[in-house]
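> Okay, predicted coordinates and the sequence, questions at the end:
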Amino acid sequence: MTETLWIIYLAVVGAALGSFMNVCLYRWPAGESVIRPRSRCPGCGKGIAWYDNVPVLSWVLLRGRCRSCGEGISWQYPLVELAVAAIWLGMALWQGPGLEAVRGAILLTLLFGIAIIDGRHRIIPDQFSLGGTAAGLALAAWPGGFPFVSALMGAAVGYGLMWLVKLGGEALFRKPALGIGDIHMMAMIGAFVGLGGALLTIFLGSLLGIVIGVPAAWLQGKLEARGTYLPLGTFLAMGAAVAYVWGPPIIDWYLGYALPT
């Protein structure tokens, strides 16, 4: 497959996965299956035909309305499809033909979905986190790809370290600290970025939570309630994206600064 065809192929795959992502974003927080029933209009409940379910294009041709009842269809649908398509296109352009483009695209797609759901509903579906962990380890086991030992260590340390933070926080503050979803999520991230990337993700996610999450909660008037829960998964997703794209130079810089020769 030529590089041009590879780029087009991954962009199309990304758009299709973006369409599926929309289903996940709506159904998994509600505890519903993403398989049955088939996609339907939220207004009239009528099933959506395949030709009205083509990513982005169908929404544009229908002018953002249901063919049957004319009910408006959220902008979220084409925007999510475009975003996931852009992730896969970007990976194809950056990594070129090969496994790493697919691996990186899968990671960023999972992080994108987690960031949205945790930001909205304060939950991280195991389908993303545990399923992503299995995918990360399976891709690392593929010959010539990301080292499997690094993936396994990253998953184990990411998972174990977050459990220690949870137990330590609960012992210190006498109230729940961290959610199980955050712990499962760090196992998934570690499986994709390894030990160094997992540690960097925890640091960046915590920092972003303090710099962005706390002021945002304060502006919304939510900090006065003890136990206000910030969507840590959203900030971990941001940190993991940075760790995947720029992690190695950041870690090298830090080690050179902390451990000068």
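Arrived safely. Residues are numbered from 1 along each chain as shown.
> Please make it C-alpha for all contacts and neighbour counts, starting now.
Noted.
> and the helix or strand harbouring residue 117, what other elements does it pack with?
Secondary structure assignment for residue 117, by DSSP states H and E: helix 99-121. In terms of contacts (3 or more CA pairs under 8 Å, 6 or more residues apart in numbering; DSSP states H and E), helix 99-121 is packed against helix 3-27, helix 76-95, helix 126-140, helix 180-208, helix 232-258.
> List the buried residues in the second one.
The one in question is helix 76-95. By neighbour count with 16 or more other CA atoms under 10 Å, helix 76-95 contains the buried residues 77-93.
> now do the third one
Going by neighbour count (16+ other CA under 10 Å), the buried part of helix 126-140 is 126, 128, 129, 130, 132, 133, 135, 136, 137, 139, 140.
> Output the contacting helices and strands for the next helix or strand after it.
Next helix or strand after helix 126-140 toward the C-terminus (DSSP H and E): helix 148-173. The contact analysis (3+ CA pairs under 8 Å, 6+ apart) places helix 148-173 against helix 126-140, helix 180-208.
> Over helix 148-173, what's the mean pLDDT, rounded is fine.
In this model, helix 148-173 has an average pLDDT of 92.
> quick one, that helix and helix 126-140 angle?
Orientation note: helix 148-173 sits at an angle of 150 degrees relative to helix 126-140 (axes from the mean of the first three to the mean of the last three CA atoms, to 10 degrees).
> so residue 104 sits right up against residue 91, yeah?
Yes. Assessed by CA atoms under 8 Å, residue 104 is found in contact with residue 91 at 6.6 Å.
> Nearest spatial neighbour of residue 80, chain-adjacent residues omitted?
residue 18 (5.7 Å; CA to CA, 6 or more residues apart in numbering).
> so how many other residues sit close to residue 230?
20 (other CA atoms under 10 Å).
> And for the one 5 residues further on?
Neighbours of residue 235 under the rule other CA under 10 Å: 27.
> separation between it and residue 60?
32 Å (CA to CA, to the nearest Å).
> just for the stretch 101-250 of the chain, where's the confidence low?
217-229 (pLDDT under 70).
> can you list the domains in the protein?
For the chain, the structural domains run 1-97, 106-261, going by automatic domain parsing.
> Return the most buried member of these.
Most buried of the domains of the chain, by mean neighbour count (mean count of other CA atoms under 10 Å): domain 106-261, with a mean of 19.
> ok so, going back, in JSON lines: the helices and strands packed on helix 148-173, plus distance to residue 99.
Listed next are those as JSON lines, based on distance: least, CA to CA, whole Å:
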{"stretch": "helix 126-140", "distance to residue 99": "8"}
{"stretch": "helix 180-208", "distance to residue 99": "13"}
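> for those, which one sits closest to residue 157?
helix 180-208 (6.8 Å; CA to CA).
> show me the contacts for residue 137.
148, 151, 152, 191, 192 (CA atoms under 8 Å, 6 or more residues apart in numbering).
> for residue 56, that is, sorry about that
Contacts for residue 56 (CA under 8 Å, 6+ apart) come out as 15, 77, 78, 81, 82.
> Thanks a lot, see you next time.
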